[in-house]
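A.B. asks: sequence first, then the predicted structure, then my questions.
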Amino acid sequence: MSPRLIFWTSALVRVALVVLATVFACYMWGMVYGLLLGFLGMCVLFIVQLSYLQRLSEWLDHPASARLPDGWGAWTDIFSRLYKMRRGDEKNQAELTEWLARFRQAMTLLPDGVVIMDDVLFLEWCNPSAERHMGLSLAQDKGMRVTNLVRSPEFIDYIILGRYETPLTLSFRDRKLIAHIIPFENRRQILVTHDVTESERIDMMRRDFIANASHELRTPLTVINGFLEIAAMQPDLDIATRNAHIKLMTEQGERMQRLVDDMLTLTRLESVDHPLRPDRINMRGLLEQILQEANALSGGRHEVTLECNGPDIRGSTDEIRSALTNLVTNAIRYTPEHGKIQLRWLPATQGPKFIVEDNGIGISAEHISRLTERFYRVDKSRSRETQGTGLGLAIVKHVLLRHHSHLHIESTPNVGSKFWVQFPASAVVE
Ligand code: ADP
């Protein structure tokens, strides 16, 4: 039955009952009593309807808190339909609240900044990434004009010109950002910011690396080409000069070889396809080998000593050999004749340490933090003289990173240097 039909049927049934009662009373007790009873019946019906209306009005004042009133006749249907509507509303509201919470959480986790502004650029909402990128604070800045908050001339120009088809690359608060404004819904606008500081830094490092590597390779190549040209133009060079040229060319060839080897080692150490394959490293055996090689390199010009009290560790033997050899080789190369070089392998509760101490030329403080950068040298000509590639300490740093270890450097110019490697206690093999 349709709601309308129910309503009218129940109303008519009630009126019909009153009319019937009136007719019956007229017949039984006379006209006056009959009409009086009819009038009273109508009044009761009217008061009942008013009381339902009043209950409905009370419920409408607090629809969520109050229980739905009980009804009779058509009111039952009205109340049950209102009840269904309320349940539907509550369900929609709950779904909407949940969806909003999820949306907020997703926006909070987003690495890109999102700012919603109204048509006159007043801040309506922004996520934490936007707060970080643009220095905003939603709690304090809500309702303020974004151009007053982001005080960057490039950004303000971008907004004033309104050429939003192309994103803006912006340097702001030591960060490099790509900002893009997207107009939406009734002249509101979304500002999206993407932080490219890190990728720019990596790009710059890559460019620097290529420039440095080309520069390093160009010098020996120029020397070799020069001698080859002389050999081609002067075929009757005396044998002594020719041999001297061949010796110099061989040296330059070896230099290029060392450089390429070191570059390949670095690339391998950084590559994700080259995971660490740890095994037990016999530290005494390894350090005795390194000592022998150090003595060979020194050719008796230095006093090299080894103290070995530390435990064996787990790690890649080849990588640890290469890192420790680099440190020891540097100590020999940067220590003048008759200098002393002490190698120590010591146990410690926070993990074993390898220390290389020399009394060589030393390094002044301003260079120390940069020594592990690729191709960084304190004195370029001295490093070339000592056949350095400028990549040794960068290799050490990468090997140690892969072994969760750290390099520490202490040095005083003209007094000497101390390079020590702190291995973690977890690396020790009992
Ligand atoms: P290089 O191949 O030039 O030696 P490294 O990366 O091994 O490159 O070292 C970087 C720079 O650190 C060297 O050029 C040198 O100036 C300085 N250095 C490294 N070890 C020592 C040391 N024991 N004493 C003095 N200077 C050192």
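C.D. replies: Looks like it came in fine. Please read all numbers here as calculations on a predicted model, not as lab measurements. Numbers count the residues shown, from 1 in each chain.

A.B. asks: how far away is Leu264 from Gln257?
C.D. replies: Between Leu264 and Gln257 the computed distance is 11 Å (Cβ to Cβ, to the nearest Å). To be clear about C-beta, it is placed using only N, CA and C from the backbone, and glycine gets the same treatment.

A.B. asks: got the domain boundaries for the protein?
C.D. replies: Following automatic domain parsing, the chain resolves into domains at 3-94, 110-195, 199-270, 279-427.

A.B. asks: pick the most deeply packed of these.
C.D. replies: Comparing the domains of the chain by mean neighbour count (mean count of other Cβ atoms under 10 Å), domain 279-427 ranks first with a mean of 17.

A.B. asks: the residue in the stretch 51-200 of the chain positioned nearest to the ligand sits in which helix or strand?
C.D. replies: Per Cβ to the nearest ligand atom, Glu198 is where the stretch 51-200 of the chain lies closest to the ligand, at 24.2 Å. Using DSSP states H and E, the element containing Glu198 is helix 197-233.

A.B. asks: which residues sit in contact with Thr147?
C.D. replies: 121, 155-156, 159 (Cβ atoms under 8 Å, 6 or more residues apart in numbering).

A.B. asks: ok, now how distant is it from Asp379?
C.D. replies: Distance from Thr147 to Asp379, counting by Cβ to Cβ: 51 Å.

A.B. asks: enumerate the residues of this structure near the ligand.
C.D. replies: 326, 330-331, 334, 358, 360-363, 371, 376-379, 383, 388-394, 417 (Cβ under 6 Å from any ligand atom).

A.B. asks: just for the stretch 201-350 of the chain, where's the confidence low?
C.D. replies: Nowhere does the stretch 201-350 of the chain drop to pLDDT under 70.

A.B. asks: what segments of it are helices?
C.D. replies: Using DSSP state H, counting those that start in this stretch, the helices of the stretch 201-350 of the chain run over 239-270, 283-298, 317-333.

A.B. asks: turn those into TSV, columns for distance to Tyr52.
C.D. replies: What follows is the helices of the stretch 201-350 of the chain, written out as TSV (distance: least, Cβ to Cβ, whole Å):
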stretch	distance to Tyr52
helix 239-270	80
helix 283-298	93
helix 317-333	87
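
A.B. asks: got the residue ranges for the strands in the stretch 1-150 of the chain?
C.D. replies: 113-117, 123-126 (DSSP state E, counting those that start in this stretch).

A.B. asks: would JSON lines of the ones you listed with distance to Leu36 and mean pLDDT be doable?
C.D. replies: Shown next, in JSON lines, are the strands of the stretch 1-150 of the chain (distance: least, Cβ to Cβ, whole Å; pLDDT from 0 to 100):
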{"stretch": "strand 113-117", "distance to Leu36": "70", "mean pLDDT": "94"}
{"stretch": "strand 123-126", "distance to Leu36": "68", "mean pLDDT": "93"}
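
A.B. asks: and the longest strand along the chain, which strands flank it?
C.D. replies: In the chain, with assignment by DSSP state E, the single longest strand is strand 175-184. Using DSSP bridges, strand 175-184 pairs in its sheet with strand 168-172 (antiparallel), strand 188-195 (antiparallel).

A.B. asks: ok, residues contacting the longest one?
C.D. replies: Spelled out, that is strand 188-195. The contact list for strand 188-195, computed with Cβ under 8 Å, 6+ apart, reads 111-119, 121, 124, 129-130, 133-134, 146, 175-184.

A.B. asks: equivalent analysis for the first one, please.
C.D. replies: Residues outside strand 168-172 that contact it (Cβ under 8 Å, 6+ apart) are 133-135, 150, 152, 154-155, 158, 176-180, 196.

A.B. asks: try it again with 10 Å
C.D. replies: By Cβ atoms under 10 Å, 6 or more residues apart in numbering, the surrounding residues in contact with strand 168-172 are 133-135, 150-152, 154-155, 157-159, 161, 176-181, 191, 193-197, 200.

A.B. asks: so it versus helix 197-233, what angle?
C.D. replies: Relative orientation of strand 168-172 versus helix 197-233 (axes from the mean of the first three to the mean of the last three Cα atoms, to 10 degrees): 100 degrees.

A.B. asks: contact partners for His338?
C.D. replies: So His338 contacts 301-303, 359 (Cβ under 10 Å, 6+ apart).

A.B. asks: and the longest strand of the chain, average pLDDT?
C.D. replies: The average pLDDT within strand 175-184 is 91.

A.B. asks: for that strand, the distance to its chain's centre please.
C.D. replies: Centroid displacement of strand 175-184 relative to its chain, using Cα atoms, centre = their mean, to the nearest Å, is 19 Å.

A.B. asks: right, and the strands paired with strand 175-184 - which one's nearest Cys43?
C.D. replies: Among the strands paired with strand 175-184, the nearest to Cys43 by Cβ to Cβ is strand 188-195 (58.3 Å).

A.B. asks: before we move on, back to that, list just the nearest of the contacts of His338 to Asn225.
C.D. replies: Arg301 (33.8 Å).

A.B. asks: give me the phi and psi for that closest one.
C.D. replies: When quoted as degrees, to the nearest 10, the phi and psi of Arg301 stand at phi -90, psi -10.

A.B. asks: ok, it to His398 distance?
C.D. replies: To His398, Arg301 is 30 Å away according to Cβ to Cβ.

A.B. asks: nearest to the ligand: which residue in the stretch 101-250 of the chain?
C.D. replies: Here the stretch 101-250 of the chain gets closest to the ligand at one residue, Glu216, 10.4 Å apart by Cβ to the nearest ligand atom.

A.B. asks: OK, contacts around that residue?
C.D. replies: Residues counted as contacts of Glu216 (Cβ under 10 Å, 6+ apart) are 255-256, 259-260, 262-263, 375, 384, 389-391.

A.B. asks: need the contact list for the nearest residue to Val396 once chain neighbours are set aside.
C.D. replies: Nearest non-adjacent residue to Val396, counting by Cβ to Cβ, 6 or more residues apart in numbering: Ala323, 4.5 Å away. Counting by Cβ under 10 Å, 6+ apart, Ala323 touches 269, 315-316, 354, 392-393, 395-400, 402-403, 405, 407, 421.

A.B. asks: 7 Å instead?
C.D. replies: The neighbourhood of Ala323, defined by Cβ atoms under 7 Å, 6 or more residues apart in numbering, consists of 395-396, 399-400.

A.B. asks: and it, how far is that from Arg314?
C.D. replies: Counting by Cβ to Cβ, the gap from Ala323 to Arg314 is 15 Å.
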